[in-house]
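Undergrad: Could you work out the structure for the sequence below:
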Amino acid sequence: MACESSVVSPNRNPEISRDEMEERLRYYLGITNFVWLEGALNEDITDAHIDGMARFLDSHTILAVARDDFGDLYESISMADYDKIVSARNAAGEPYKIVEFPLTKKKMKGLGYKGSYLNFYVGNKVILMPVYNDVNDSVAAELLARLYPGRRVVKIDVTKLYKYGGMLHCVTQQQPQSPR
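TA: Predicted coordinates:
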């Protein structure tokens, strides 16, 4: 599951078509089933990474921004992307169960739009969850605690982090090189 805007667009990998990207993903990662969303260009530094919109819990469940909030993700986001999420099928051809997460109730200062709780990090014993000092912080934390039993939900205030591009899931993916 990915957004074309952040994987194959004029801003990202402009020389590669979606079909070519699928071929590479099949070869390198063994992916057999693709769910492509349009996404949104030029509205944030990530060009709409999927991990703020939707992500897999397991092979039968997708966690997604709630339908009522989905249009608040980005100014140019299309509800057709939400429809693609809820109509997606897994590699066995079965429909996914959709678990909806709210966005923040308020637009975040410095972000310009509502914050997503889906950009969390899953560790062996913890879930690192973004929080925004918003009423929906506790709603999302309760959902994560139910979905990941046995892991402690650690809330991390990201109100300064998002200004610099990306969120918890984004910033935990790189392997920094040590200074010499």
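Undergrad: okay, and the helix or strand of the chain with the least pLDDT?
TA: helix 168-171 (a mean of 63; mean pLDDT, DSSP states H and E).
Undergrad: State the phi and psi torsions of the residue sitting nearest the centre point of the chain.
TA: By C-alpha atoms, centre = their mean, the chain has its centre lying nearest to D51, at 1.4 Å. Backbone torsions for D51, taken as degrees, to the nearest 10, come to phi -70, psi 0.
Undergrad: what residue ranges in this protein score low on pLDDT?
TA: Applying pLDDT under 70 to the chain flags the ranges 41-48, 110, 162-180.
Undergrad: what about the helices in it?
TA: With DSSP state H as the criterion, the chain has helices at 4-7, 18-29, 67-70, 79-87, 136-147, 168-171.
Undergrad: roughly how far is the third one from the heart of the chain?
TA: Between the centre of helix 67-70 and the centre of its host chain there is 14 Å, according to C-alpha atoms, centre = their mean, to the nearest Å.
Undergrad: now do the fourth one
TA: On the basis of C-alpha atoms, centre = their mean, helix 79-87 is displaced by 14 Å from the centre of the chain it belongs to.
Undergrad: Which strands and helices lie in contact with that helix?
TA: strand 36-37, strand 61-65, helix 67-70 (3 or more C-beta pairs under 8 Å, 6 or more residues apart in numbering; DSSP states H and E). Every residue, glycine included, has its C-beta placed from N, CA and C.
Undergrad: I'd like to know how many residues surround I16.
TA: I16 is flanked by 14 other residues according to other C-beta atoms under 10 Å.
Undergrad: just G112 next, same as before
TA: G112 has 11 neighbouring residues, counting by other C-beta under 10 Å.
Undergrad: gap between it and G39?
TA: 17 Å (C-beta to C-beta, to the nearest Å).
Undergrad: ok, now R18?
TA: Taking C-beta to C-beta, one finds R18 at 12 Å from G39.
Undergrad: Give the residue from the two that has the larger number of neighbours.
TA: More crowded of R18 and G39, by other C-beta under 10 Å: G39, with 26 against 15.
Undergrad: surely that one meets E4?
TA: Yes. Contact criterion C-beta atoms under 8 Å: G39 and E4 qualify, at 5.8 Å.
Undergrad: Okay, domains of the protein per the record?
TA: Domains of the chain are assigned by automatic domain parsing as 1-101, 103-174.
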